[in-house]
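In: the following comprises the amino acid sequence and a computationally predicted model.
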Amino acid sequence: MVARAVLLLAAVCGAVFAVHRLTDHRACVRTAYEAYALGVPGAHGRDPGILSRELLDRCRGAEKLAQTSERFGQGGLDDASQRLARAAVQREPERWLAWLALAGALERGGDSSGGRRARARAHALNPQYRAPPRVAPPRVAAAPAP
């Protein structure tokens, strides 16, 4: 009897967690869409600082933050773009997309050396651009003495 009660309680907790997680995801996506629209040059909407804070609160991973950072950068919102890109790198430092967004934000902000370092880190993390393994050069036989 106790085992059934524990199983029922675990099932209810799992369902509540799943519904809560789905609600968080939907809030993240809604805020991201609003931020994407704001990233269009000349568009008007809510304050980008408020939108970026809401994204930081509602989105768990780095992907939406990095994508929105790029969109803000396209719209000329460099401060919000850098804030989101730095947060994306802080949340998932092994995510190459976050480093690429940071590189773009830094370069648009005038920090070209920081942008180059971030871009190099992004390329190092991206499996498509990893350098091939180094192969030792072939040995050249010494020429015979005349």
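Out: Noted; the coordinates are in hand. Numbering: from 1, shown residues only.

In: name the helix or strand of this structure that has the lowest mean pLDDT.
Out: helix 2-38 (a mean of 63; mean pLDDT, DSSP states H and E).

In: tell me the mean pLDDT for the very next helix or strand once past that one?
Out: Sequence order places helix 48-58 as the next helix or strand after helix 2-38, per DSSP states H and E. Summarised as a single mean, pLDDT over helix 48-58 is 80.

In: could you count how many residues lie near residue 121?
Out: The tally of other residues near residue 121 (other CB atoms under 10 Å) stands at 18. The way it works is simple: take the backbone N, C-alpha and C, and place the C-beta from them, glycine included.

In: gap between it and residue 79?
Out: For residue 121, the distance to residue 79 equals 22 Å [CB to CB, to the nearest Å].

In: could you do residue 113 as well?
Out: 19 Å.

In: those two: who's more crowded?
Out: With neighbours defined as other CB under 10 Å, residue 113 and residue 79 compare such that residue 79 has more, 13 against 9.

In: so that one, which of the three states?
Out: Three-state call for residue 79 (DSSP: H, G, I helix; E, B strand; the rest coil): helix.

In: give me the distance between residue 92 and residue 67.
Out: Here residue 92 is placed at a distance of 13 Å from residue 67 (CB to CB).

In: residue 56 now?
Out: Separation of residue 56 from residue 67 (CB to CB) stands at 14 Å.

In: ok, those two, which is more surrounded?
Out: Neighbours per residue, other CB under 10 Å: of residue 56 and residue 67, the larger number sits with residue 67, 19 against 15.

In: surely the more buried one is in contact with residue 29?
Out: No: checked against CB atoms under 8 Å, the pair residue 67 and residue 29 is beyond contact range at 11.0 Å.

In: please, which helix or strand holds residue 64?
Out: Counting by DSSP H and E, residue 64 is part of helix 63-74.

In: not counting that helix itself, show me its contacts.
Out: 28-29, 32, 35-36, 38-41, 48, 52, 55-56, 59, 78, 80-82, 84-85, 87-88, 91, 95, 97-98, 100-102, 104-105, 108 (CB atoms under 8 Å, 6 or more residues apart in numbering).
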